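[1] Next comes the sequence, and after it the predicted model I'd like to discuss.
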Number of protein chains: 2
Amino acid sequence: MTSTLGYAILAVLARGERTGYDIAAAMRRPVSYFWTARHSQIHAELQKLAAGGLVAFDARHGPGPQDKKVYRLTPEGGDALRAWVTEPPRERPERDELVLKTYASWLADPGLVRRLFAEQLRVHEERLAEYEREEELFGGPPDPGDPRFGNYATLRCGLGYERHRAEWCRWMVTQLSASL
Amino acid sequence: MTSTLGYAILAVLARGERTGYDIAAAMRRPVSYFWTARHSQIHAELQKLAAGGLVAFDARHGPGPQDKKVYRLTPEGGDALRAWVTEPPRERPERDELVLKTYASWLADPGLVRRLFAEQLRVHEERLAEYEREEELFGGPPDPGDPRFGNYATLRCGLGYERHRAEWCRWMVTQLSASL
DNA sequence: CCACACTATGTCACTTCTGACATAGTGTGG
DNA sequence: CCACACTATGTCAGAAGTGACATAGTGTGG
């Protein structure tokens, strides 16, 4: 019934009440690195969730032509989120533009391909450093019943992902250097 | 102009001529693990690519109500593909349902969450074993100018990804076991 | 005091992707 | 000889996601 975006929003609201704007900001750099949405999508989804009784809001005076709406989880929303969490995820199709480019890379100039991967390597190394700084702010893993466990566990995933990705880019650069 | 799916199709056709059905089959388990599309999307995209002159086809007698169409890259299609390969990829938003569930996992029953990750771990370990078998079929990395380099490099990426993912799932299971 | 960034909500046209429906020949195994 | 899987192309409704447009108050720095 509810889309995955809906659950992403519920997961954010489980941490505390937020405006649509706050939720969009939390998702801009993905909610701890794994789900993004524009505010246009979030406002629309919040209306659906409110219609379904999974979230409720108080209107308060705020800037702009409309009042601001502070959303919170309803008990039904909490139940729906809890039930969804332990259900197996649908196998989301992986779509990765860089890997697709790699698949076709034999056609292109090796020097240009090498530059592409060197640039990507830089991006992943930067992100890795950033995540490592953030990891230090946690003094080891929180308890699995603590909301902070969600943040820490997703950060661990991001950390592993960036490491894998950086290593692969480094390997690509090596391969392409050998052939020049 | 052309969508990423269009380039995915061009990348497949760069290996040789194919019918729409062949392309869909190649993408069902993603084109070497990174891009998927249904046949309904592929047929529609092939029509656009043909209209744009990036691919051409010969109709041959085949099963079904229509003739079968064997598509091939045109010189323009090859140029477009080659140019696209070395352009930086747009930062595709990451959307990962399992990581989203992790973010909300502190709300749910730790035993059920543990089961979810144990199951995911099994999936990744199986896939890893499969990829490792495939890697053995290559006797080391092909030359970067060889079409097989594309296959090998994407396989390497898949291998690294599955390893990272399995390791993370294992860590999650450990965390959730400690708290039971 | 003015410009600008930030807070805040919303609509709309458009693209992309999914899942179901529709149709039909060919080859294989029981 | 029949059922079934595979080859093969296509349409269509609807969901999901993007980017631009529209509007306006509040606080900060030069």
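    Right, received. Where do you want to start? Residues are numbered from 1 along each chain as shown, chains lettered A, B, ... in the order given.

[2] Now do the contacts for the nearest residue to A:Arg90 once chain neighbours are set aside.
    Nearest residue to A:Arg90, sequence neighbours excluded (C-beta to C-beta, 6 or more residues apart in numbering or on different chains): B:Glu97, at 6.7 Å. For the C-beta atoms, the positions are set from N, CA and C on the backbone; glycine is no exception. By C-beta atoms under 8 Å, 6 or more residues apart in numbering or on different chains, the contact set of B:Glu97 is A:4, A:89-90, A:92.

[3] Domains in chain A, by residue range?
    The record's domain parsing of chain A by automatic domain parsing lists A:4-85, A:97-178.

[4] could you redo those as a markdown table and give each row distance to DNA strand D?
    What follows is the domains of chain A, written out as a markdown table (distance: least, C-beta to the nearest atom of the strand, whole Å):
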| stretch | distance to DNA strand D |
| --- | --- |
| domain A:4-85 | 3 |
| domain A:97-178 | 13 |
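
[5] Next to DNA strand C, which bits of chain A? Give me the list.
    Residues of chain A lying close to DNA strand C by C-beta under 7 Å from any atom of the strand are A:19-22, A:24-25, A:39-40, A:43-44, A:46-47, A:62-69, A:93, A:95.

[6] Sitting in strands, which of the residues you listed do you find?
    Secondary structure from DSSP state E places A:19, A:68-69 of those in strands.

[7] what about A:Leu49, distance to A:Leu176?
    48 Å (C-beta to C-beta, to the nearest Å).

[8] Quick check on the two: which one has the bigger neighbour count.
    Using other C-beta atoms under 10 Å in any protein chain shown as the criterion, A:Leu49 and A:Leu176 rank with A:Leu49 on top: 26 against 22.

[9] Which helix or strand contains the more buried one?
    Per DSSP states H and E, A:Leu49 falls inside helix A:39-51.

[10] what's around the closest residue in space to A:Pro93 that isn't next to it in sequence, how many residues?
    Counting by C-beta to C-beta, 6+ apart, A:Pro93 lies nearest to B:Thr36, which is 3.9 Å off, once chain neighbours are set aside. Residues near B:Thr36, counting by other C-beta under 10 Å, number 19.

[11] Tell me who's in contact with B:Thr36.
    Applying C-beta under 8 Å, 6+ apart, the residues near B:Thr36 are A:93-95, B:27-28, B:30.

[12] quick one, what contacts A:Trp35?
    Going by C-beta under 8 Å, 6+ apart, A:Trp35 touches A:4-5, A:8, A:27, B:94-96, B:99-100.

[13] Same list, those, but as JSON lines with pLDDT and neighbour count please.
    Output for these, formatted as JSON lines (pLDDT from 0 to 100; neighbours: other C-beta atoms under 10 Å in any protein chain shown):
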{"residue": "A:Thr4", "pLDDT": "96", "neighbour count": "17"}
{"residue": "A:Leu5", "pLDDT": "97", "neighbour count": "20"}
{"residue": "A:Ala8", "pLDDT": "96", "neighbour count": "26"}
{"residue": "A:Met27", "pLDDT": "91", "neighbour count": "23"}
{"residue": "B:Glu94", "pLDDT": "82", "neighbour count": "14"}
{"residue": "B:Arg95", "pLDDT": "90", "neighbour count": "17"}
{"residue": "B:Asp96", "pLDDT": "93", "neighbour count": "20"}
{"residue": "B:Val99", "pLDDT": "95", "neighbour count": "23"}
{"residue": "B:Leu100", "pLDDT": "94", "neighbour count": "25"}
